[in-house]
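Visitor: Can you look at this prediction? I've put the sequence above it.
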Amino acid sequence: MADYIVKATAANAQIRAFAITARETVEYARDAHDLSPVVTAALGRLMIGGVMMGSMLKSDKDLLTLQVIGRGPVHGLTVTADASGHVKGYADYPQAMMPPNGVGKLDVGGVIGKGTLTVIKDMGLKEPYCSTVTLQTGEIGEDLTYYFAASEQVPSVVALGVLMDKNNTVKQAGGFILQLMPFTEEHVIAALEKRLTAVAPVTTMLEEGQDPEQILETVLGELGVEFTDRLPVAFHCNCSKERVEKVLISLGKKELQELIDEGKEVELNCHFCNTDYRFTVEELKKIQRARKMDTHSRKV
């Protein structure tokens, strides 16, 4: 099943809902960054939540960034998503390890530890929207639920899951977000709360063969689901050698000359997709000449 998000409403538009299957996307991140199982689960959950939140953005040019900083072994996680289902992310310490938690599950909260979640929305305005909240559990789903309530005043339920296979590849990954509109009636809230107490974990539903549409139908039940959109999802990084070259061009004259004087090939790495870009001494000299020409033209 290719990765995708579905958007829906329920209870006569009193609830808006999102659900996703993202096994291929999370597996791509695991393989690209050589993540440990517990970091795969942590980064995978943040990517799943991030890409669903990205699908809420209004414009194709808008960007959402989620940053988790904790005191645990992984230290930090960063995810960026857009409105088109593209997502990318990385962990500060991809091979961080943590013993299983008390119920024998991957200890995502433990590998992250106490810390903060920052949500940044770049919507083309003079300043991006930025909000930081304290991590509640480090399990990501609960932390995003708290963010929606505390920063956006939108009562929400965020459920995220990553199931690892015995060979440490990703077996299942997905999630859902439910949000109550301001006019949601009390009996609808009560029915939803009752329904949620009986719902299995996301990865269990995926293991049973449920797709995102079926997950929302299971979760929302008699509240009546109306699907409004379907969006493909993929790990996507827009880095390129040309973009990385701009980093070298932006270096000071002294720093660039020092790299040339060393007489060695320079290698720069993209944190998001772990791609290495190499520049020979001749390419560095060419960049230096282009930088001089650009500086001269600006003076003229």
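Guide: All right, it came through fine. Residues are numbered from 1 along each chain as shown.

Visitor: Residue 108 against residue 142, yeah?
Guide: No - using C-beta atoms under 8 Å, residue 108 makes no contact with residue 142, being 10.5 Å away. (Glycine included, C-beta is placed from N, CA and C.)

Visitor: And these two? Which one has more around it.
Guide: residue 108 (27 against 16; other C-beta atoms under 10 Å).

Visitor: quick one, what contacts that one?
Guide: The contact partners of residue 108, taken as C-beta atoms under 8 Å, 6 or more residues apart in numbering, are 38, 41-42, 45, 138-140.

Visitor: of all the residues you listed, which comes closest to residue 190?
Guide: residue 139 (25.6 Å; C-beta to C-beta).

Visitor: In terms of helices and strands, where is that closest one?
Guide: Of the helices and strands defined by DSSP states H and E, none includes residue 139.

Visitor: got a list of what it touches?
Guide: Residues near residue 139 by C-beta under 8 Å, 6+ apart: 45, 108-109.

Visitor: which one of those residues is nearest residue 79?
Guide: residue 45 (9.7 Å).

Visitor: where does that closest one land in three-state SS?
Guide: helix (DSSP: H, G, I helix; E, B strand; the rest coil).

Visitor: Around it, count how many other residues there are.
Guide: Neighbours of residue 45 (other C-beta under 10 Å): 29.

Visitor: wait, isn't it in contact with residue 175?
Guide: Yes - at 7.4 Å, residue 45 counts as touching residue 175 under the criterion of C-beta under 8 Å.

Visitor: Pull stretch 246-253 out as CSV, backbone CA atoms only.
Guide: C-alpha atoms of stretch 246-253 as CSV (Å, rounded to 0.1, in the frame of the first residue of the first chain):
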residue,chain,number,x,y,z
LYS,A,246,25.2,28.5,-2.3
VAL,A,247,26.4,27.6,1.2
LEU,A,248,30.0,27.7,0.0
ILE,A,249,29.4,31.0,-1.9
SER,A,250,28.1,32.5,1.3
LEU,A,251,31.3,31.7,3.2
GLY,A,252,33.7,34.6,3.9
LYS,A,253,36.6,35.2,1.6
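
Visitor: What's the mean pLDDT across that stretch?
Guide: The predicted model assigns stretch 246-253 a mean pLDDT of 80.

Visitor: hmm, who's touching it?
Guide: The contact list for stretch 246-253, computed with C-beta under 8 Å, 6+ apart, reads 256, 259, 266, 268, 279, 284, 287, 290-291, 294.

Visitor: all helices for this structure, in order.
Guide: In the chain, the segments counted as helices under DSSP state H are 23-33, 37-54, 108-112, 141-151, 186-197, 202-207, 212-220, 241-249, 253-262, 281-299.

Visitor: roughly how far is the first one from the heart of the chain?
Guide: Meaning helix 23-33. Relative to its parent chain, helix 23-33 has a centroid offset of 12 Å by C-alpha atoms, centre = their mean, to the nearest Å.
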